[in-house]
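Novice: the sequence and its predicted three-dimensional model are supplied below.
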Amino acid sequence: SPHLPTLPRPRTIMSVNKVFKPKGQKATDLEEQVGRALLDLEITSKDLSADLRDLFITAAKEVDVASDKKAIVVFVPFRQHKKFKAIQSRLIRELEKKFSSKHVVFVAQRTIQSKNHSRKAGGELRARSRTLTAVYDSIVEDVVYPTQIVARRTRVRQDGSKLVKLYLDPKDIKEVDQKLKTYSAVIQKLTNRN
């Protein structure tokens, strides 16, 4: 009998993993739940399935907002962040239905380089997008997305501590008003700022 070529085995939908971790690290229960929810949305939702097919997450954390309220912070790869932003409002709506009484926030996974970071070529400057300030500002913008920050005020108190006030777009007040405490708690947790 002639030798038949072996065909690649078809990938089943369930074998697709929506949580991408570095080798040796296992996903937490929360990350598995978020990954399963994204996979369910990819299978069941017609308008999100094409967009979600190539997207995955890198981590998920729970943040305490109030005594009875929690928020889920989902970290996505920086390279896929623009694709997530395109469907983020619909995705947040669907995930908040699945995780009842929890707000969902998407944040891009960014890298902070110290001032002493060794460069490949001598005299190379550190990219502005990799500084601590730039990364923290980008995290704040990610947390409040899809609304925009229209103003930012920094108040320096007499003891030297800083209080940053963010003014969000007033046209989004209906959607944002109930999430203000969530935004504040998540920003404080991720950036250690008030």
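Specialist: Everything's here; your move.

Novice: go through stretch 25-33 and flag the buried ones.
Specialist: Residues of stretch 25-33 classed as buried: 27, 30-31, 33 (neighbour count, 16 or more other Cβ atoms under 10 Å). C-betas here are computed from N, CA, C, even on glycine.

Novice: starting at the chain centroid, how far to that stretch?
Specialist: Stretch 25-33 has its C-alpha centroid displaced from the chain centroid by 15 Å (Cα atoms, centre = their mean, to the nearest Å).

Novice: list the contacts of it.
Specialist: 19, 21, 35, 57, 59-62, 72, 99 (Cβ atoms under 8 Å, 6 or more residues apart in numbering).

Novice: does Gln158 count as helix, strand or coil?
Specialist: coil (DSSP: H, G, I helix; E, B strand; the rest coil).

Novice: which residues of this structure fall in helices?
Specialist: Assigned by DSSP state H, the chain shows helices spanning 29-44, 46-52, 81-98, 132-144, 173-176, 180-191.

Novice: quick one: list the elements packing against the second one.
Specialist: Meaning helix 46-52. Packing contacts for helix 46-52, counted by 3 or more Cβ pairs under 8 Å, 6 or more residues apart in numbering; DSSP states H and E, involve helix 29-44, helix 81-98.

Novice: what angle sits between the first one and helix 81-98?
Specialist: Which is helix 29-44. For helix 29-44 against helix 81-98, the angle by axes from the mean of the first three to the mean of the last three Cα atoms, to 10 degrees is 100 degrees.

Novice: can you dump the C-alpha coordinates of helix 29-44 into CSV?
Specialist: Output of helix 29-44 as CSV, limited to C-alpha atoms (Å, rounded to 0.1, in the frame of the first residue of the first chain):
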residue,chain,number,x,y,z
ASP,A,29,-8.3,30.4,38.9
LEU,A,30,-9.4,34.0,38.1
GLU,A,31,-7.3,34.0,34.9
GLU,A,32,-8.9,30.7,33.8
GLN,A,33,-12.4,32.1,34.5
VAL,A,34,-11.7,35.2,32.4
GLY,A,35,-10.1,33.0,29.7
ARG,A,36,-13.2,30.8,29.6
ALA,A,37,-15.5,33.8,29.5
LEU,A,38,-13.6,35.2,26.5
LEU,A,39,-13.7,31.8,24.8
ASP,A,40,-17.5,31.6,25.5
LEU,A,41,-17.9,35.0,24.0
GLU,A,42,-15.9,34.0,20.9
ILE,A,43,-18.1,31.0,20.4
THR,A,44,-21.5,32.5,21.1
